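> Build me a model:
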Amino acid sequence: MDPPALRLASTGTLTYGLPVGEVLGVSSLKGARVIAGRSGLGRVVQRLNVMEVPDILSWVKPNELLLTTGYPLRNTPQSLDNLVADLDERGLAALAIKLGRYLDSLPAEMIAQADRRGFPLILLADDVGFDDILNQVLTDILNRQAAVLARTEEVHRALVQIVLCGGGLQEVVDEVAALLEVAVVALDGEQRVLAGAGPDEHVRAMRALGRGSAHEGDHLVAPVVAGGFDHGRLVAYSPGGTLGEADLTILERAATVAALVITKQQAVSAVESKYRADFLRDILAGRAGDDDRVIAHCAGFGWDLDRPAMVLVAELDGRPRADARDGRGGDGRGGDARGRDAVARDARGTEERAAQERLAAAWTTAVRRHDPGAAVATFAHEVVAVVGADADDPAPMTGGPVQAMVKEAAAVFAEHRRTFSTGVSRTVETPAGLPEAYEQAVKAVRVGRQLHGAGARAHFDQLGVYRLLSLVSDPAELHAFVRETLGELAGDDEPELVDLRRTLQVLLETNLNVAETARRLHFHYNTLRYRIGKLERMLGPFTEDAHLRLNLTLALHVLRMRGI
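Next comes the predicted model:
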């Protein structure tokens with residue numbers, strides 16, 4: 001038997017009905033003929049009415065099968081095509097007419113209008129009784145409603161039992177697929193399959209169908225929403241086109257249960273993730289205990305730290321900085337302006353947290369694929385992974401699993417129009433070396449971004465002189481060295497001095513090759529000689545003093561590391 005049709009009544013309760021084509025199957029309509037609008041036989045009949053008043057238009061209701069004679073139509077045959085249009089616009093399911101005493105036939109214009117609109121016109125047999133039609137059709141509608149309610153209650157009990165027994169999303173999907181006898185998948189917001197039941201080819205087809213909320217002949221889509229958050233979609237798919245709106249009710253009920261399951265899983269996952277992140281933070285801070293304790297505790301998380309390892313740190317690029325006015329007593333502006341700034345900061349904060357979560361998901365997926373025993377956790381502004389390493393690999397960023405992880409995470413995250421930079425530490429043999437490795441990875445990601453821009457990938461050992469400079473623990477000492485060495489050239493306030501500093505940098509890069517420097521900077525030879533003289537008056541005889549040139553070179557390198 002075909003699945004029952006249903007509509008939402010104005011009260012919000014489910015009201016079931018029968019398609020017009022099925023209504024025509026009752027015995028009292030055995031002699032009825034559909035003379036127009038056959039394409040509308042799928043319209044749902046929820047109520048019946050008999051009217052023989054002159055003005056029937058004022059009394060019709062949506063989803064109604066109207067039974068009448070030629071009496072209301074007898075005086076206006078020339079405008080019956082307009083009557084069909086008006087009835088259709090009011091949502092009437094179909095018009096069943098008994099001709100004879102008052103009207104011998106229906107005009108061609110009326111029949112043509114009904115065909116264009118898919119509005120069923122039905123001619124009743126002369127000997128049929130309206131009361132028989134009413135009794136039989138209403139009985140069928142009530143029986144159908146009882147059957148659908150019983151089926152819905154069965155689904156409700158089955159799904160609730162799954163939740164009470166601790167079942168997950170896969171069990172919910174399996175149950176719905178068995179009840180509907182079709183393929184069903186649960187998709188997240190990125191159209192990734194979270195759980196599926198049915199043939200593989202059907203599951204693949206449903207990934208392209210899970211957008212919005214839809215009711216089509218071959219598929220149904222129900223949003224999975226809880227607490228105002230959209231967790232994805234449940235999609236049911238039947239290549240034979242056997243799905244009906246009653247099945248959508250079941251799918252929507254399942255989507256509600258799926259939202260509860262996902263919310264529960266997220267809450268549990270959040271607690272577990274925090275616990276894991278806290279322990280990994282203790283490891284990287286050297287507070288987690290000796291190696292044996294760390295290895296044993298991590299084994300409970302599925303982390304394998306009893307092997308050579310390296311630390312990877314991924315940071316979002318372009319992270320918004322706090323407003324310089326934040327935290328001050330006032331900035332002289334009105335309360336409305338400050339309120340708007342607060343709203344804007346909240347919006348930026350929400351967007352940043354969402355981006356951080358997506359970065360963590362991309363990295364977790366990539367790392368787990370290539371190293372199931374790796375430790376992965378999200379800190380405030382970075383994602384940290386401790387992965388297995390080959391102690392003999394001198395350049396892990398140029399190939400191997402680390403490179404594959406970075407590329408895969410970047411490919412997934414590229415969909416979000418954000419980039420991240422990655423830093424990789426040296427290899428350590430025991431967990432005791434992880435705190436130092438973490439510091440190396442943090443320096444690598446930040447120095448790498450300063451040198452190469454957004455999306456940088458840097459290994460600590462490949463930073464060259466910047467690696468040595470990053471090991472200076474007191475940034476104030478580095479800044480003092482820059483000021484003492486470069487003097488006026490250390491600042492960025494004067495464009496002329498910034499230009500002179502650029503000239504000095506190119507001179508040092510070319511090993512004081514005046515001709516090459518002039519070519520790079522597009523200067524005349526004499527102009528460059530004049531600038532060299534000016535630089536020496538400001539900095540000293542660097543063209544003759546190799547030690548001074550070394551100091552100037554280091555100071556320029558420190559300037560490139562500004563902000564680290």
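
> make it CA atoms for all contacts and neighbour counts henceforth
Will do.

> Could you list the low-pLDDT ranges of the stretch 251-400 of the chain?
Per-residue confidence for the stretch 251-400 of the chain (pLDDT under 70) gives these ranges: 319-349, 391-400.

> All the strands of it, in order from the start?
Residue ranges of the strands in the stretch 251-400 of the chain, as given by DSSP state E, counting those that start in this stretch, are 309-316, 375-378, 383-388.

> Out of the ones you listed, which gets nearest to residue 357?
strand 375-378 (8.3 Å; Cα to Cα).

> What helices and strands are in contact with the closest one?
Counting contacts by 3 or more Cα pairs under 8 Å, 6 or more residues apart in numbering; DSSP states H and E, strand 375-378 is packed against helix 245-284, helix 335-370, strand 383-388.

> and it, how far out from the chain's middle?
21 Å (Cα atoms, centre = their mean, to the nearest Å).

> Output it as PDB, restricted to C-alpha atoms.
As requested, C-alpha coordinates have been extracted for strand 375-378 and formatted as PDB (Å, rounded to 0.1, in the frame of the first residue of the first chain):
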ATOM      1  CA  ALA A 375      48.300  13.000  20.100                       C
ATOM      2  CA  VAL A 376      46.200  15.900  18.900                       C
ATOM      3  CA  ALA A 377      44.600  18.700  21.000                       C
ATOM      4  CA  THR A 378      43.300  22.200  20.600                       C
END
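
> now what about it, what contacts it?
Residues lying outside strand 375-378 but in contact with it, judged by Cα atoms under 8 Å, 6 or more residues apart in numbering, are 273, 276-277, 280, 303-304, 360, 364, 367, 383-387.

> 7 Å instead, please
Counting contacts by Cα atoms under 7 Å, 6 or more residues apart in numbering, the residues outside strand 375-378 that touch it are 276, 277, 303, 360, 364, 383, 384, 385, 386, 387.

> can you check stretch 501-510 too?
Here stretch 501-510 makes contact (Cα under 7 Å, 6+ apart) with 489, 513, 516, 517.

> Just the buried residues of the residues you listed.
Among the contacts of stretch 501-510, those that count as buried by neighbour count (16 or more other Cα atoms under 10 Å) are 489, 517.

> how about the strands in the stretch 401-550 of the chain?
With DSSP E, counting those that start in this stretch applied, the stretch 401-550 of the chain shows strands at 420-424, 457-459, listed in chain order.

> In JSON lines, list those along with mean pLDDT and distance to residue 79.
Written out in JSON lines, the entries for the strands of the stretch 401-550 of the chain read as follows (pLDDT from 0 to 100; distance: least, Cα to Cα, whole Å):
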{"stretch": "strand 420-424", "mean pLDDT": "88", "distance to residue 79": "70"}
{"stretch": "strand 457-459", "mean pLDDT": "85", "distance to residue 79": "77"}
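
> Comparing the ones you listed, which comes out most buried?
Here the criterion is mean neighbour count by mean count of other Cα atoms under 10 Å, and of those the winner is strand 420-424, at a mean of 27.

> what angle separates that strand from strand 309-316?
Orientation check (axes from the mean of the first three to the mean of the last three Cα atoms, to 10 degrees): strand 420-424 against strand 309-316 gives 160 degrees.

> just to revisit the earlier point, rebuild the strands of the stretch 401-550 of the chain as a markdown table, extending it with distance to residue 219.
Below are these laid out as a markdown table (distance: least, Cα to Cα, whole Å):
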| stretch | distance to residue 219 |
| --- | --- |
| strand 420-424 | 38 |
| strand 457-459 | 44 |
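
> For residue 261, which of those is the nearest?
Each of these has some distance to residue 261 by Cα to Cα; the shortest is strand 420-424, at 31.9 Å.

> what's the closest one packed up against?
strand 309-316, helix 434-452, strand 457-459 (3 or more Cα pairs under 7 Å, 6 or more residues apart in numbering; DSSP states H and E).

> Deepest in the core, which of these is it.
For these, ranked by mean neighbour count under the definition mean count of other Cα under 10 Å, the leader is strand 309-316 at a mean of 26.

> Let me know the outermost residue of the chain.
Outermost residue of the chain with respect to the C-alpha centroid, by Cα atoms, centre = their mean, is residue 101; its distance is 65.3 Å.

> Look up how far residue 34 lies from that one.
Distance of residue 101 to residue 34, given as Cα to Cα, to the nearest Å: 20 Å.

> do residue 558 as well
As for residue 558, its distance to residue 34 is 88 Å (criterion: Cα to Cα).

> How about residue 139?
From residue 139 over to residue 34 the distance is 22 Å, taken as Cα to Cα.

> These two: which is more packed in?
Neighbours per residue (other Cα atoms under 10 Å) separate residue 139 from residue 34, with residue 34 holding more: 16 against 12.

> May I ask you to confirm that that one is in contact with residue 122?
Yes: with contact defined as Cα atoms under 7 Å, residue 34 counts as touching residue 122 (4.5 Å).
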